[in-house]
Every structure is written in structure tokens, then in C-alpha cells.
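Enquirer: Below are the sequence and a predicted model for it; my questions follow.
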Amino acid sequence: MQVGKPVLYSYFRSSCTWRVRIALALKGIDYETVPVNLIKDGGQQFSKEFQTLNPMKQVPALKIDGITIGQSLAIIEYLEETRPTPRLLPQDPQKKAIVRMISDLIASGIQPLQNLSVLKQVGEGKQLPWAQEAITSGFNALEQILRSTAGKYCVGDEVSMADLCLVPQVANAERFKVDLSHYPTICQINKALLALEAFQVSHPSRQPDTPAELRA
């Protein structure tokens, strides 16, 4: 099935790409990184070359098995179906639905509202309060949900796709100076996940395109 080494089109700070990097690390998949700087040159994602690769002009995009996949959750689910160890979606249908619900809450209900393209539209002076409101509103719901689903991680004691979405979003919350003291469950899970090697090697501070001043 594999046609050469997978290629991940990535930006070090992209939370969507970070999700995929975690999945690749957990599953032990060796891959090449092609940096796409979302700020330099007016945004390299808008180049004709990259638009041909991903018409949505977004990272991540993953070339694997002779196809190119965009959208982080679609990539993770493909990896899950083709390389199912370790499992990132529970076998139990109810737990699987909960994992997908939490993943979608973050990937659809929080992250898009505070991503780069939206913040540009909001305007320079309003970006911080806008992002804080988007994240706080989502975290209020997420904290309530996790109180009933969490074990060591988001859903029980096994790492799942929901955890891959949580950690990058917490990092975004910290970057936008959200007061996380109101979200003890989120913080506890995030701390446990950041202790795992796959979450460390995939961290934005350790990527090929990470600026020197932001490296760990």
C-alpha cells in the first residue's frame, strides 16, 4: 500500500497539523516534513503549487499511499483504518461516538473561530478578545463533558483522537492568555498527555521549521 515515505505539509504552529503529527508519532510512522509558512510571502498556502495539492489552501495535507488527504480528522481516521495500532478510536460504539463528539467540538466548534484566517478578518485590535471568547465558550462546554467522560485522558484511560485535538487547543488557549484555572479537568488531562513521548516530539517547539527563538 505504501508508495514511498509519507509527506506531511506542515506549519510548526498549526494546531490542526499538530494533531496529525501526534497520530503519526503514536503509530510509529516515519514521514518527511515539507514546511508551509502561513505568514511568510503573504502565506505560502496560497501559492499555486500548494493550491493544486490542497484547494482549501490549508495545512495539514498528507501524501500517503498514493493519495493526498487534507483535513486533520480525515487524515487521522485514514491512519486509524490503515494502521490501527495503537488504536485511537475505541471499539465500543458509544465510546467511539464520544471521542468523535469531543474531537468535533474542538476541531469544528473552537479552533476555526480563532485560526489565522478568521483573526485577519476580525481586525488587529479585536483579535485577542475575539479568540479568548471563542476558546472560553468552547472550554466551558468541554470541561463539563470531560467531567463525565475522562479517566486519565479525555475518554477513559486510553489515548484517543480526542486527546490529539485537546493538547493543541490548550496550547492555543495559553497563547491567547485564556485563564485556564476554570478548567481543572482539561488542565489535568493536558498535563498527563504532554508527559507522553509522542506529544513531546510532535510539539511545535521541536519542528524543522520552528524559529530558533521558539525552540525547546
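Expert: That came in fine, so what should we check first?
Enquirer: Burial check on the closest residue to residue 56 other than its chain neighbours, number of neighbours?
Expert: Spatial nearest neighbour of residue 56, chain neighbours left out: residue 70 (5.8 Å); criterion: CB to CB, 6 or more residues apart in numbering. No exception for glycine: its C-beta is placed from N, CA and C like everyone else's. For residue 70, the neighbour count with other CB atoms under 10 Å is 18.
Enquirer: How about residue 162?
Expert: Residues near residue 162, counting by other CB under 10 Å, number 28.
Enquirer: What does the pLDDT read for the residue sitting furthest away from the middle of the chain?
Expert: Centroid-distance maximum for the chain: residue 125 at 26.3 Å, with CA atoms, centre = their mean. Looking at residue 125, its pLDDT is 77.
Enquirer: Next, it: secondary structure please.
Expert: What DSSP: H, G, I helix; E, B strand; the rest coil gives for residue 125 is helix.
Enquirer: repeat for residue 33
Expert: Going by three-state DSSP: residue 33 is strand.
Enquirer: so it makes contact with residue 208?
Expert: Yes - with contact defined as CB atoms under 8 Å, residue 33 counts as touching residue 208 (5.2 Å).
Enquirer: More neighbours: these two, which one.
Expert: Neighbours per residue, other CB under 10 Å: of residue 33 and residue 208, the larger number sits with residue 33, 15 against 10.
Enquirer: Per the annotation, how does the protein divide into domains?
Expert: 7-86, 93-199 (automatic domain parsing).
Enquirer: tell me, how many neighbours does the residue nearest to residue 216 when sequence neighbours are not counted end up with?
Expert: Using CB to CB, 6+ apart and skipping the chain neighbours, the partner closest in space to residue 216 is residue 205 (3.8 Å). Residues lying near residue 205 (other CB under 10 Å) number 13.
Enquirer: And the contacts of the one helix or strand residue 102 maps to?
Expert: In this assignment (DSSP states H and E), residue 102 forms part of helix 93-109. Contacts with helix 93-109, where a contact means CB atoms under 8 Å, 6 or more residues apart in numbering, come from 16, 19, 72-73, 89-90, 138, 141-142, 145-146, 149, 154-156, 160-162, 164-166, 169.
Enquirer: Mind doing that once more with 6 Å?
Expert: 73, 89-90, 138, 149, 154-155, 160-162, 165, 169 (CB atoms under 6 Å, 6 or more residues apart in numbering).
Enquirer: Over to stretch 67-78?
Expert: 16, 19-20, 23, 53-54, 56, 60-62, 107, 161.
Enquirer: I'd like to know the average pLDDT value across it.
Expert: In the prediction, stretch 67-78 has an average pLDDT of 97.
Enquirer: list the buried ones in it?
Expert: Neighbour-count burial for stretch 67-78 flags 69-73, 75-78 (criterion: 16 or more other CB atoms under 10 Å).
Enquirer: No more questions from me, cheers.
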